[in-house]
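Chemist: Could you work out the structure for the sequence below:
(one chain, ligands or ions: 2)
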Amino acid sequence: MSDLPSIRWGIVATGMISSWFVEDILLEWEGKRVNHIIQAIGSSSTQKAQDFAKNNCPTHSPKVYGSYQELYGDADVDIVYIGTPHSFHYRDCMEAIGAGKNVLCEKSFTINAKQAREIFDAARKNNVYVAEAMWLRHRPLYRELSRLLHEEKIIGDVFRVFSDFANGTDPASQPASSRHRDLSLGAGSLLDVGVYALTWLRVTLGYQKDLPQIVAKQTHEAGVEITTSAILQYSSGQQGICTSTSKALGAPGEVFVVVHGTNGYIEVEGRAASIPESFTVWKKQDGAADRAYFPREACEGKKYEFPQIGRGFIWEAENTALDVLAGRKESQVMPWSETLYIMDIMDEIRAQGGTMYPGE
Ligand SMILES: NC(=O)C1=CN([C@@H]2O[C@H](COP(=O)(O)OP(=O)(O)OC[C@H]3O[C@@H](n4cnc5c(N)ncnc54)[C@H](OP(=O)(O)O)[C@@H]3O)[C@@H](O)[C@H]2O)C=CC1
Ligand SMILES: O=C1OC[C@@H](O)[C@H](O)[C@H]1O
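Modeler: Ligands and ions are numbered 1, 2, ... in the order given. This next block holds a predicted model:
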C-alpha cells in the first residue's frame with residue numbers, strides 16, 4: 001500500500017474516452033501524488049460494465065452497475081467521471097449532483113451555456129465539486145507556455161493567434177448512431193474539437209475578461225456541422241482566428257497554433273491540438289523581414305519539448321483528485337467561469353453559423 005492519499009472514481013459510460021481515462025489514471029509514474037481507485041463502473045448494460053472492468057482495470061475489482069443511477073447511489077464513490085456524448089452531459093451531471101456526488105465531466109461540458117449555468121447553480125446548492133474535463137489545460141506544456149507568454153513576455157505583446165483542430169472523424173463515414181454523426185448526441189466539430197482551438201486562444205491571448213466580437217461561419221453536411229471558422233476581435237485590438245473541421249486530419253507533428261507577438265512568434269506542435277508535444281519560439285531578429293527568403297532550418301528557433309506520460313490524462317486526474325481531497329468545489333485550473341466563457345463564445349459561433357441542437 002502506498003502512503004499517497006486515495007480517491008475512489010465512479011466511471012460513467014464505457015466508451016472510448018472512459019477507457020483512455022481509466023488506462024491513464026492507473027499508470028505508475030514518477031511524480032504521482034494520488035492513488036486512484038476505480039471503485040465502480042456504470043453503464044447502460046451490466047454486461048458492458050463487466051467487460052469494461054475486465055478489459056480496462058483487471059487489477060481493481062470495481063462494482064459494476066447496469067445503470068448510472070445505481071453508481072450515483074454508491075456511497076463509496078468519491079467522484080463521478082462522466083464520459084457520455086455531449087447531449088447527455090447536462091442530464092448526467094444534474095443526476096450525479098442531485099445524488100450529492102462530485103463530478104468531472106468530459107468536454108464540451110454541455111450543449112450550450114444555459115445548461116452549464118444550471119449545472120453550476122445545482123453544484124453550488126448541493127455543495128459538490130464540478131469541473132469540465134478540459135485535459136489540455138492541465139498539461140505542463142500549456143502552463144509553461146502561459147508563463148513564458150504572459151510572465152516572461154518572451155515574444156512581447158501577443159496581438160494575433162491562429163488556432164486549428166482538424167480531427168478527420170469524417171461523420172459521413174460513421175454509422176448513423178455515432179456521436180460524430182447524430183445531432184441528438186451533440187455531433188459537430190465545434191463542440192468536439194473547436195473547443196480546444198478556443199482553449200488555445202484563451203491561454204495565448206491572455207485570458208481577457210471581456211467577451212470578444214465574433215464573426216463566424218459554419219458548414220453543414222447532412223445537418224451536421226463539419227467545419228467552423230471564427231474571428232474573435234477583442235477590445236484590446238487582439239485577434240484570434242479559430243478553426244475546426246471533422247473532414248480532415250492534421251499531419252503528425254504539425255503546427256496547430258501560431259502566436260504572433262511584437263517581438264517574435266511561437267508555433268505549437270504535436271499529434272493533435274489536444275495532444276501538444278512541443279512549441280518553438282522564434283524571436284524577432286535583425287533582418288527578420290528577409291527571413292521569408294531563407295529555409296526554415298537557417299532560422300533560429302528555440303524548441304521546448306515536453307515528455308508524454310500515457311495519453312496525457314494523468315495531470316487532469318491528479319489535479320482533480322487533489323481539489324476534491326482538499327474540499328474545493330471548483331477546479332483551480334478549469335474554474336466554472338472559464339467553462340462559461342468558452343460556452344458563451346460557442347453559443348455565439350453557433351448562432352451565426354446556424355447550428356442548433358434538438359431541444360434548443
Ligand atoms: N479528452 C479527450 O481527448 C476526448 C474526449 N472525448 C469526449 O468524451 C465524450 C464521449 O466521447 P467518446 O468516448 O468518444 O464516445 P463513445 O461513443 O465512444 O462512448 C460514449 C458512451 O456513452 C454512453 N452512452 C449513453 N447513452 C448513449 C447513446 N444514446 N448513444 C451513444 N452512447 C451513449 C455509452 O456507454 P454505456 O453504454 O456504457 O453507458 C457509450 O459507450 C464526449 O464528450 C467527447 O467529447 C472523446 C474523445 C477524446
Ligand atoms: O476530445 C477529442 O479529442 C480527439 C478527437 O479526435 C475526438 O473526437 C475528441 O472528442
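Chemist: where does the stretch 251-360 of the chain have low pLDDT?
Modeler: Counting by pLDDT under 70, the stretch 251-360 of the chain shows low-confidence ranges at 286-295, 297-299.
Chemist: need the residues of it near ligand 1, please.
Modeler: Ser274 (CB under 6 Å from any ligand atom). Every residue, glycine included, has its C-beta placed from N, CA and C.
Chemist: Can you name the residues that contact the closest residue to ligand 2 within the stretch 251-360 of the chain?
Modeler: Ranking the residues of the stretch 251-360 of the chain by distance to ligand 2 (CB to the nearest ligand atom) places Ser274 first, at 4.4 Å. Going by CB atoms under 8 Å, 6 or more residues apart in numbering, Ser274 touches Trp135, Leu136, Phe165, Val193, Tyr196.
Chemist: what about the fourth one, neighbour count?
Modeler: When neighbours are defined as other CB atoms under 10 Å, Val193 has 25 of them.
Chemist: what secondary structure does it sit in?
Modeler: Classification of Val193 using DSSP: H, G, I helix; E, B strand; the rest coil returns helix.
Chemist: same check, this time on the third one
Modeler: Counting by three-state DSSP, the backbone at Phe165 sits in strand.
Chemist: okay, now it: neighbour count?
Modeler: Residues lying near Phe165 (other CB under 10 Å) number 27.
Chemist: What does the pLDDT read for it?
Modeler: In this prediction, Phe165 carries a pLDDT score of 97.
Chemist: same question, the one 5 residues further on
Modeler: The model reports Asp170 with a pLDDT of 94.
Chemist: can you check His220 too?
Modeler: Confidence score, pLDDT, at His220: 98.
Chemist: The residue of the stretch 101-250 of the chain found nearest ligand 2 and ligand 1, how far apart?
Modeler: Nearest residue of the stretch 101-250 of the chain to ligand 2, counting by CB to the nearest ligand atom: Asn167, 3.7 Å away. The gap separating Asn167 from ligand 1 is 9 Å, by CB to the nearest ligand atom, to the nearest Å.
Chemist: List the contacts of that residue.
Modeler: Contacts of Asn167 by CB under 8 Å, 6+ apart are Ser189, Asp192, Val193, Ser244, Thr245, Ser246, Leu249, Gly250, Ala272.
Chemist: Quick check: ChimeraX command selecting the buried ones in the residues you listed.
Modeler: Selection of buried members from the contacts of Asn167 for ChimeraX, criterion 16 or more other CB atoms under 10 Å:
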select :189,192,193,244,245,246,250,272
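Chemist: Select, from the contacts of Asn167, the two members most distant in space.
Modeler: Greatest spatial distance in the contacts of Asn167: Asp192 and Gly250, 14.1 Å, computed using CB to CB.
Chemist: one step back: compile the contacts of Ser274 into a markdown table and extend it with columns for distance to ligand 2.
Modeler: Output for the contacts of Ser274, formatted as a markdown table (distance: CB to the nearest ligand atom, whole Å):
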| residue | distance to ligand 2 |
| --- | --- |
| Trp135 | 8 |
| Leu136 | 9 |
| Phe165 | 8 |
| Val193 | 6 |
| Tyr196 | 7 |
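Chemist: Closest to ligand 1 out of those?
Modeler: Nearest to ligand 1 among the contacts of Ser274 is Trp135, at 5.1 Å by CB to the nearest ligand atom.
Chemist: The contacts of Asn167 in strands, which ones?
Modeler: Taking DSSP state E as the definition of strands, those contribute Ser244, Thr245, Ala272.
Chemist: want to throw those into a markdown table with distance to ligand 2?
Modeler: As requested, those are arranged in a markdown table below (distance: CB to the nearest ligand atom, whole Å):
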| residue | distance to ligand 2 |
| --- | --- |
| Ser244 | 10 |
| Thr245 | 11 |
| Ala272 | 6 |
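Chemist: Quick check: which element contains Glu132?
Modeler: strand 130-133 (DSSP states H and E).
Chemist: After that strand, which helix or strand is next?
Modeler: helix 140-150.
Chemist: In PDB, could you pull the C-alpha coordinates for that following helix?
Modeler: C-alpha atoms of helix 140-150 as PDB (Å, rounded to 0.1, in the frame of the first residue of the first chain):
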ATOM      1  CA  PRO A 140       2.700  21.000 -18.200                       C
ATOM      2  CA  LEU A 141       3.200  22.400 -21.700                       C
ATOM      3  CA  TYR A 142       0.100  24.600 -21.500                       C
ATOM      4  CA  ARG A 143       1.100  26.000 -18.200                       C
ATOM      5  CA  GLU A 144       4.700  26.700 -19.300                       C
ATOM      6  CA  LEU A 145       3.500  28.400 -22.500                       C
ATOM      7  CA  SER A 146       1.300  30.600 -20.400                       C
ATOM      8  CA  ARG A 147       4.200  31.600 -18.100                       C
ATOM      9  CA  LEU A 148       6.500  32.300 -20.900                       C
ATOM     10  CA  LEU A 149       4.000  34.400 -22.800                       C
ATOM     11  CA  HIS A 150       2.500  36.400 -20.000                       C
END
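Chemist: That concludes my questions; thank you for your assistance.
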